[in-house]
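Visitor: Turn this into a structure:
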Amino acid sequence: MRKVLFIFSVLGDGDVEWLAGAGERVHVDPGTVLVPLGSHVDYVYFVLEGRLSIKTRAGDVIAYLESGEIIGEMSLVDPAPTAVSVEVIADATLLRISDTVLREKLSSDSAFAARFYRALCVFMADRLRQTTTRMGYGAATEDKHAKDELNEDLLDNVHLAGARFDRMLKRLAG
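Guide: I've put the predicted structure just below:
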């Protein structure tokens with residue numbers, strides 16, 4: 001669930017409410033390829049429950065996604081064809097938000113856009129940091145104890161982010 005904290009610590013309560021209201025709760029069965037390799041992604045997904053795998057062109061699993069992860073954020077920023085595929089490996093419940101609806105909100109609400117894009121930047125910076133570390137870059141300076149540490153800005157709002165995610169889960173369940 002750590003990943004959603006990056007997004008929800010920057011967004012406000014109203015922003016999270018808007019996301020929950022603008023999205024659609026969907027169930028996806030194991031074996032479903034949610035994002036095919038080389039495709040254009042038309043949605044941003046928040047993983048509410050389940051497990052998904054990210055696979056390379058060769059079919060190698062490079063990461064697993066679970067509750068609190070986000071899918072499709074790169075395509076929102078850069079609509080190039082995907083370089084990986086995403087497959088559901090355990091029953092998944094997702095919040096699916098149309099790229100078109102989200103883009104309309106971003107263009108009409110500059111305050112929301114500023115918070116949302118900042119949240120994406122924080123999220124993607126963490127993902128890039130983890131990827132480069134996993135690939136061996138900077139391994140000599142890696143602090144083994146800091147692996148799961150949250151930055152200070154995020155730490156100040158982590159309780160709010162967790163509460164926002166919990167409220168969204170309850171709202172979508174009811």
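Visitor: Helices of the chain, residue ranges please.
Guide: Using DSSP state H, the helices of the chain run over residues 2-8, 13-22, 73-77, 99-108, 110-134, 152-173.
Visitor: just the angle between the fifth one and helix 99-108, please?
Guide: Between helix 110-134 and helix 99-108, the angle comes out at 120 degrees (axes from the mean of the first three to the mean of the last three CA atoms, to 10 degrees).
Visitor: returning to what we had before: out of the helices of the chain, deepest packed?
Guide: helix 2-8 (a mean of 22; mean count of other CB atoms under 10 Å). The C-beta positions use only the backbone N, C-alpha and C, and glycine is treated the same way.
Visitor: where does the protein have low pLDDT?
Guide: For the chain, applying pLDDT under 70 flags the ranges 1-3, 137-161.
Visitor: Now stretch 87-95: buried residues?
Guide: E87, V88, A92, T93, L94, L95 (16 or more other CB atoms under 10 Å).
Visitor: isn't the fifth one right next to F46, touching?
Guide: Yes. Shown here, L94 and F46 form a contact pair, counting by CB atoms under 8 Å, at 6.6 Å.
Visitor: Return the distance of the closest residue to T100 other than its chain neighbours relative to V101.
Guide: The shortest distance from T100 to any non-neighbouring residue, by CB to CB, 6 or more residues apart in numbering, is to D42 (7.6 Å). Counting by CB to CB, to the nearest Å, the gap from D42 to V101 is 10 Å.
Visitor: R171 now?
Guide: Distance from R171 to V101, by CB to CB: 17 Å.
Visitor: Quick check, central residue of this protein?
Guide: For the chain, the residue nearest the mean C-alpha position is I70 (1.6 Å; CA atoms, centre = their mean).
Visitor: can you tell me which residues contact it?
Guide: I70 makes contact with K3, V4, I7, V44, Y45, F46, V47, F123, according to CB atoms under 8 Å, 6 or more residues apart in numbering.
Visitor: E73 contacts D126, doesn't it?
Guide: No. Here E73 does not reach D126: they are 12.0 Å apart, not a contact under CB under 8 Å.
Visitor: coming back round to it: now, which of the contacts of I70 sits nearest R115?
Guide: I7 (9.6 Å; CB to CB).
Visitor: just to revisit the earlier point, among the buried residues of stretch 87-95, which two are most distant?
Guide: Spanning the widest gap among the buried residues of stretch 87-95 are E87 and L95, at 18.5 Å by CB to CB.
Visitor: so which of the helices of the chain comes closest to G59?
Guide: Closest among the helices of the chain, using CB to CB: helix 110-134, at 18.3 Å.
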